[in-house]
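A.B. asks: take this sequence and fold it.
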Amino acid sequence: MSVNLGMISIWLSLVFGLGATVYSIISYFNRDETAKQISQKLEIACAGAITFAIVLMTYYLLNVNAAYNYVYQHSSADLALVYKISALWAGQEGSFLLWTWFILLMLLFMQYTGHTKYLVNTKLMGMTRSISLLIASVFLLLLVLKNPFAVYYAIPGGMLELTNWDAFVVPYEIPYGQGMNPLLRNPWMAIHPPVLFLGYAAFTIPFAAAIGNLVLNDSKWTKIAADWMRISWLFLTLGIGLGGYWAYEVLGWGAWYWTWDPVETSSFIPWVAATAYLHAQTRTSHGEYKFLAPMLAVVSFILVIFATFVTRSGMWASVHSWQDFTSEAMVIAVFLAILIVSSTVLLTKRYLAEE
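C.D. replies: Numbering: from 1, shown residues only. You can find the predicted model right below:
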């Protein structure tokens, strides 16, 4: 038997993430420099724990340590190396793990590099950071609920999957796995999902900066949001385009690259909102679109979460979606509802103030 280091790292990342969020909020309201430093250290620890989980899961996938549920379902000894690596984002758990990792890395990058470093001690950056950490914590909660390091025990006649609560010990290694879905065994699998998740993750920062602007009425929010929205738009465009070509190539959807599949469409809608924002933000420096620009940034992120809910809840039949309404889908639904209500309140206040 061995300790389940992966599951422990997921739990630690949640604890660190929640701690970073709480201390960030305390620092914001009390202007407490000590709380801010603690929050920053916890944020780095959280990113480190998730990075460790990513590396460990990749190692398990490459070595087909199929005592782990996720490895058993998505890896096998006969898979080529590129597909064993791609198995990291082949399922719900792995895709959430990758998405969360991207959010945390982008948040660190925003604070410590680039032309926004001069804003690091402002109230706007403090609120942007707090909101981004809160969003990351929601994704970490999803990882705890749907942990990629859940394991199997052998029982007479088959295997028993342990619950998330008692799977901290790995009893042995099962030397095989069922492997990746044949439809996913395509070179585009190595490129399309991570590109798409990079786009999704980058929407977090423009959303957080827009909320900061709605609360603080700080026009410098576009300095934070603009470049990250460009990154979101670029990677989402590439992800949608590559996904359309992949579907055309593998599924044989006739002469068209687009079939209005529900999940395809749900990822296209935030692209439309992001495109509209990029046009609107070119005029914000002239004092225009004080309501429209933050609204489009907020709506873009909400639509990304909606697209995630569509994919995870099985609301509509799709070749992309997982057809089950689980506790994770319920968390996403609650998160989506909170985003819609809180954003509507703030946007209504801004609209009335502009009248």
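A.B. asks: low pLDDT regions in the stretch 51-200 of the chain?
C.D. replies: Applying pLDDT under 70 to the stretch 51-200 of the chain flags the ranges 114-118, 152-176.
A.B. asks: and the helices in it?
C.D. replies: 69-74, 81-86, 92-112, 123-145, 192-202 (DSSP state H, counting those that start in this stretch).
A.B. asks: let me have these in CSV, extended by distance to Ile10 and mean neighbour count.
C.D. replies: To be clear about C-beta, it is placed using only N, CA and C from the backbone, and glycine gets the same treatment. Shown next, in CSV, are the helices of the stretch 51-200 of the chain (distance: least, CB to CB, whole Å; neighbours: other CB atoms under 10 Å):
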stretch, distance to Ile10, mean neighbour count
helix 69-74, 12, 24
helix 81-86, 20, 18
helix 92-112, 8, 21
helix 123-145, 5, 23
helix 192-202, 18, 23
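A.B. asks: just put those helices in a markdown table and tack on distance to Gly48.
C.D. replies: Shown next, in a markdown table, are the helices of the stretch 51-200 of the chain (distance: least, CB to CB, whole Å):
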| stretch | distance to Gly48 |
| --- | --- |
| helix 69-74 | 21 |
| helix 81-86 | 21 |
| helix 92-112 | 9 |
| helix 123-145 | 13 |
| helix 192-202 | 18 |
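A.B. asks: which one, of those helices, ends up nearest to Ala337?
C.D. replies: Smallest distance to Ala337 across the helices of the stretch 51-200 of the chain (CB to CB): 12.5 Å, for helix 123-145.
A.B. asks: who does that closest one touch, helix- and strand-wise?
C.D. replies: Judged by 3 or more CB pairs under 8 Å, 6 or more residues apart in numbering; DSSP states H and E, the packing partners of helix 123-145 are helix 5-30, helix 33-63, helix 92-112, helix 204-216, helix 221-251, helix 327-354.
A.B. asks: would you mind getting the angle between it and helix 192-202?
C.D. replies: Helix 123-145 runs at 140 degrees relative to helix 192-202, counting by axes from the mean of the first three to the mean of the last three CA atoms, to 10 degrees.
A.B. asks: contacts only, for the closest residue to Thr128 other than its chain neighbours.
C.D. replies: Take Thr128 and drop its neighbours on the chain: the residue closest to it by CB to CB, 6 or more residues apart in numbering is Ala208, 4.4 Å away. Taking CB atoms under 8 Å, 6 or more residues apart in numbering, we find Ala208 in contact with 127-132, 135.
A.B. asks: against Phe301, how distant is Ala208?
C.D. replies: 8 Å (CB to CB, to the nearest Å).
A.B. asks: do the same with Asn69
C.D. replies: Taking CB to CB, one finds Asn69 at 31 Å from Phe301.
A.B. asks: thanks again, I'm all set now.
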